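Trainee: Build the 3D model from these lines:
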Amino acid sequence: MSAVFNFTFVPWFRSVAPYIHKFRHQTFVIGLTGEAIAAGKLQAIAQDLAMIQAMGVKIVLVHGFRPQVNEQLAAKGHAEKYSHGIRVTDSVALDCAQEAAGQLRYEIEAAFSQGLPNTPMAGSTVRVISGNFLTARPVGIVDGVDFQHSGLVRKVDVAGIRRSLDMDALVLLSPFGFSPTGEAFNLTMEEVATSVAIALKADKLVFVCEVSGILMNPDEPESDDNPIDTELPLAQARKMLASVPPSQRPTDTAFYLQHCVKACQNGVERSHIIPFAVDGALLLEIYVHDGIGTMVVDEKLEELREATPDDVGGILQLIEPFEKDGTLVKRDRTEIERDIANYTIIEHDGVIFGCAALYPYPEGSTAEMAAVTVSPHSQGTGDGEKLLKRIEQRARGMGLTSLFVLTTRTMHWFIKRGFQPVDPEWLPEARKRKYNWDRRSQVLVKKL
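Mentor: Next comes the predicted model:
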């Protein structure tokens, strides 16, 4: 085995290990669009889900079948009809939906049953359980439109799903529900996945879909200048939804985002939108620090927020021990009061546990992340990463293209999160004039 492979594989595997530990025994609800299956991605996605399950994650897979039903309707010469973003399911469409669901369940179960040598499925045993876990009710008549056999989730059999997950099975749900009288209703994958995630109090809801995620500027096409917003606070996602019309199509920004927001508002801490077009998208999103799509995070505003003048005392108390041992440069109260608008803090139960400041240098299209501090009582809980993400978001919002830090003791923490060492001569002129050559701080830069 080559030394180069060893050199790259070992650090990579070690970087993944914390996520393996973190997600073990957690519950993920995966919403897989019918478009992904139609595009031939089922085999690879099944392999990735089998690996994720092997690492201890409990998985509920909800599949869609929008294009498959449309194909059946076209074959029968029957027009598809939508209203309010929901299919109007007449008796012909219901037959097509049942036929498509049966075919897809067969294909999905077959994909999880493979175990050929020299493939990711070799040696795996994925038991797939599906059943009547959903009780549904009719959509009814809305604005004069009779939705007929289209339904909404009334109740989720949480106990039944939990029993299946506890047996180490993967639970597979089709977007169908049944009334107490046995009547079948056609549901949407997105609503089923969201309802199940909320009912199970799942740790993650992940949509594997047509869109790459939420763009920094949704009004412009995706490009290098408009990367995906990899982490979107719930409050920001709500504002974004409020600024766009109600979504009717899966390719609309709001279509999946509205379900992510609903899930986060109802107890699901993290909801994701990732593209099925990227091979290994699930693995990249779950086990790589920055992910590949958009993650909507339920961060309580009282926990992660911009600082106010009332926070000066708490910030001073937090950073004082680190100034005394030389980790941080000394800052007096007057300086912090002057720059308080630059600070972001993490607060738990009224106590400040972390802070960081952002000092922009627009002439260099960059900014300094300074005074990065996390209380010893909360180190290792992810507070430092939350602060970094928020500072990155603030810098991007200013149109800046990079972020730099000066540090003498925490180089490795920043390097692990995408920063690269540079010579102090790289610094913007205004910052270079204030550089302390006696302290000899390492300069690290991250492109945004």
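Trainee: need the helices for the stretch 1-150 of the chain, in chain order.
Mentor: Counting by DSSP state H, counting those that start in this stretch, the stretch 1-150 of the chain has helices at residues 3-23, 34-38, 42-54, 66-75, 91-112.
Trainee: Break this protein into its domains for me.
Mentor: Segmentation of the chain into domains, based on automatic domain parsing, reads 3-297, 304-447.
Trainee: Which one, of the helices of the stretch 1-150 of the chain, ends up nearest to residue 445?
Mentor: Closest approach to residue 445 among the helices of the stretch 1-150 of the chain (C-beta to C-beta): helix 3-23, 20.0 Å. (Each C-beta comes from the backbone N, C-alpha and C, glycine too.)
Trainee: Check the model's average confidence along the closest one for me.
Mentor: For helix 3-23, mean pLDDT rounds to 79.
Trainee: Residues in contact with it: which ones?
Mentor: By C-beta atoms under 8 Å, 6 or more residues apart in numbering, the residues outside helix 3-23 that reach it are 55, 56, 57, 203, 286, 287, 288, 289, 416.
Trainee: Which one (most neighbours) among those?
Mentor: Scoring the contacts of helix 3-23 on neighbours with other C-beta atoms under 10 Å, the highest-scoring entry is residue 286 at 23 neighbours.
Trainee: and residue 337, how far is that from residue 309?
Mentor: Between residue 337 and residue 309 the computed distance is 7 Å (C-beta to C-beta, to the nearest Å).
Trainee: Identify the residue nearest the geometric centre of this protein.
Mentor: For the chain, residue 295 is the residue whose C-alpha lies nearest the centre (C-alpha atoms, centre = their mean; 2.4 Å).
Trainee: ok, it touching residue 229?
Mentor: No. Between residue 295 and residue 229 there is no contact under C-beta atoms under 8 Å: 9.0 Å.
Trainee: The closest residue to residue 122 other than its chain neighbours: neighbour count?
Mentor: Excluding its sequence neighbours, the residue lying closest to residue 122 (C-beta to C-beta, 6 or more residues apart in numbering) is residue 115, at 5.8 Å. Look at residue 115: counted by other C-beta under 10 Å, it has 14 neighbours.
Trainee: same check, this time on residue 444
Mentor: 22.
Trainee: re the thing from before, pick the most buried one from the domains of the chain.
Mentor: Mean neighbour count (mean count of other C-beta atoms under 10 Å) peaks for domain 3-297 among the domains of the chain, with a mean of 18.
Trainee: element containing the residue lying closest to residue 344 once chain neighbours are set aside, please.
Mentor: Distances taken as C-beta to C-beta, 6+ apart place residue 390 nearest to residue 344, at 5.0 Å, with adjacent residues excluded. Taking DSSP states H and E as the criterion, residue 390 maps to helix 383-397.
Trainee: Report the mean per-residue pLDDT for that helix.
Mentor: In this model, helix 383-397 carries a mean pLDDT of 92.
Trainee: try stretch 96-106
Mentor: Here stretch 96-106 scores 94 as its mean pLDDT.
Trainee: residues in contact with that stretch?
Mentor: By C-beta under 8 Å, 6+ apart, the surrounding residues in contact with stretch 96-106 are 34, 37, 63, 65, 68-69, 71-73, 76, 78, 89, 130, 172, 174-176, 184, 186.
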